[in-house]
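Q: Generate coordinates for the sequence data below:
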Amino acid sequence: MPTVFEDGKKGFTIILEDITEHILAEREIRESEERFRTMAENIHDGLINHENEKIVFVNRRIGEIAGYSSEELWKMQPLSIIAPEDKEEAARQIQKIQRGECGLTELQVWILRKDGQRRFVSVRISDVKHAGTRYIFVILTDITDLKTQEAALRQSEQRFRTMAENIQDGLIIVENGNVVFATIVLPSITGYSNEELMTMKSQTLYH
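A: Next up, the predicted model:
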């Protein structure tokens, strides 16, 4: 900066400040953010980050699950993709989070994709306050295939049970030496009730 010295001569004063630590700290923050972004964009789950009620990050996987572009998701309300039958419960959980009543919330809901397809997702919401900032992390996992498999298994089990209960022969299913299923005609054949059969080792029935 321009300076006038004691003898009246004009000159310049140059002030040097060592900001190495500041620069290194900024670089470390950038590298940390880059590592987080790389991780967030490559995980199997959808991720939404809020800071003080404002969305600051949405990863690509969210778009793949919901069927909307990232730009569309930025503008949407959280409940807009929830299926009608799950909206009430989801709204109740969101209100609890907004009131700061819970640090971790987990729920499973059906969502409606942009193309109308239904997907079943597990939602985990973490509410964290740090250094005066409120962070809300929303993680979505598409578990539609698991839900479908469970439904198919239940249907298969129900078909088997219906068939087994209506045959005229006695049927016993043994797993690891324990009776786990017996048809309704077994009591008349063995003399034991079904409740008794369930507590017996299979060898007990043999002569």
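Q: Quick one: residues in contact with stretch 2-20.
A: The contact list for stretch 2-20, computed with CB atoms under 8 Å, 6 or more residues apart in numbering, reads residue 1. The way it works is simple: take the backbone N, C-alpha and C, and place the C-beta from them, glycine included.
Q: quick one: buried residues of the longest strand along the chain?
A: Longest strand of the chain, by residue count under DSSP state E: strand 118-130. Within strand 118-130, the residues that qualify as buried are 119, 120, 121, 122, 123, 125, 127, counting by 16 or more other CB atoms under 10 Å.
Q: for residue 52, what are its contacts?
A: Residue 52 sits next to 133, 134 when contact means CB under 8 Å, 6+ apart.
Q: Output the below-cut-off pLDDT ranges for the protein.
A: Applying pLDDT under 70 to the chain picks out residues 101-102, 202-203, 205-207.
Q: make it 50
A: By pLDDT under 50, the chain has no low-scoring segment.
Q: where along it do the helices fall?
A: Using DSSP state H, the helices of the chain run over residues 20-42, 60-66, 70-75, 84-98, 144-165, 186-190, 194-198.
Q: buried residues in the first one?
A: Of the residues in helix 20-42, those buried under the neighbour-count criterion (16+ other CB under 10 Å) are residue 40.
Q: and what of stretch 180-200?
A: Neighbour count says stretch 180-200 has 181, 182, 183, 186, 187, 190, 192, 197, 200 buried, by 16+ other CB under 10 Å.
Q: got TSV for the residues you listed, with distance to residue 170 too?
A: Shown next, in TSV, are the buried residues of stretch 180-200 (distance: CB to CB, whole Å):
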residue	distance to residue 170
181	11
182	8
183	6
186	5
187	9
190	8
192	11
197	10
200	14
